[in-house]
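*Asks:* with the sequence up front, the predicted model follows.
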Amino acid sequence: MVELIGATLVLFAGTMIGWQQAARYAARPKQIRQLIHALQRLETEIGYGFTPLPEAIARCAAHVPEPAASILRAVNGRLAGGGELTFRESWEAAMTEAWPNTAMRQTEQAALVRLGHNLGISDREDQMKHLKLAVQQLQFEEDAARLDSARYVKMWRSLGVLTAALIVILIL
């Protein structure tokens, strides 16, 4: 009886690990799309609304879903926190702080860090150009993430179940 309960728990745990890894692959394209939407909103706020950068970031954070909203809120919080940090430092610190809560990879983070190096130090048109470039880079990453998702989601689900089944067989 104890062996049956143990085997069931091992099978359940292995299956959940596989499903969790598959969920990360499935969430990555969606999160990149949300980030693209946030950057496009930021571009609109800066370019057509003539909104100052901290206020534009706060407005965008209020209208985009998580995890993009948490990244923008972290940037805004650091900017409003006292002014000892530059925009670039605030942006990088927020990326480092909020990134582990996403399913995105280092390539997306690198594109956003590069964007943070250029925002706030130039005129409105130049900032819009940098935002468009970041959106293009993220769209490329989104396409790659969709291919990875299609390829690896089923594999991780099956791998979790099959690995757990192998462990159960070896234990029994």
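*Replies:* Cool, got the structure.

*Asks:* make it CA atoms for all contacts and neighbour counts henceforth
*Replies:* Fine.

*Asks:* which stretch of helix or strand covers the nearest residue to residue 21 once chain neighbours are set aside?
*Replies:* In space, and not counting its chain neighbours, residue 21 is closest to residue 156: 6.4 Å by CA to CA, 6 or more residues apart in numbering. Using DSSP states H and E, residue 156 sits within helix 124-171.

*Asks:* how far does that helix sit from the chain's center?
*Replies:* 11 Å (CA atoms, centre = their mean, to the nearest Å).

*Asks:* avg pLDDT for it?
*Replies:* What helix 124-171 shows for mean pLDDT is 91.

*Asks:* list the helices and strands that helix packs on?
*Replies:* Other elements packing on helix 124-171 under the criterion 3 or more CA pairs under 8 Å, 6 or more residues apart in numbering; DSSP states H and E are helix 2-47, helix 106-118.

*Asks:* just name the most buried of these.
*Replies:* helix 2-47 (a mean of 18; mean count of other CA atoms under 10 Å).

*Asks:* please compute how far it lies from its chain's middle.
*Replies:* For helix 2-47, the distance to the chain centre is 10 Å (CA atoms, centre = their mean).

*Asks:* got any ranges where the protein has weak pLDDT?
*Replies:* Where the chain drops to pLDDT under 70, the residues are 82-83.

*Asks:* what's the residue nearest to residue 21 in contact with, if anything?
*Replies:* Residues in contact with residue 156 (CA atoms under 8 Å, 6 or more residues apart in numbering) are 18-19, 21-22.

*Asks:* closest to residue 74 among those residues?
*Replies:* residue 21 (26.2 Å; CA to CA).

*Asks:* got the angle between the helix holding residue 156 and helix 2-47?
*Replies:* Orientation check (axes from the mean of the first three to the mean of the last three CA atoms, to 10 degrees): helix 124-171 against helix 2-47 gives 180 degrees.

*Asks:* and residue 49, backbone torsions?
*Replies:* Per-residue torsions, residue 49: phi -100, psi -10 (degrees, to the nearest 10).

*Asks:* and it, how many neighbours?
*Replies:* When counting by other CA atoms under 10 Å, one arrives at 11 neighbours for residue 49.

*Asks:* how much space between it and residue 59?
*Replies:* Taking CA to CA, to the nearest Å as the measure, residue 49 falls 11 Å from residue 59.

*Asks:* next one: residue 121
*Replies:* Residue 121 is 20 Å from residue 59, by CA to CA.

*Asks:* the two: which has the busier surroundings?
*Replies:* Neighbour count, other CA under 10 Å: between residue 121 and residue 59, residue 59 has more, with 20 against 12.
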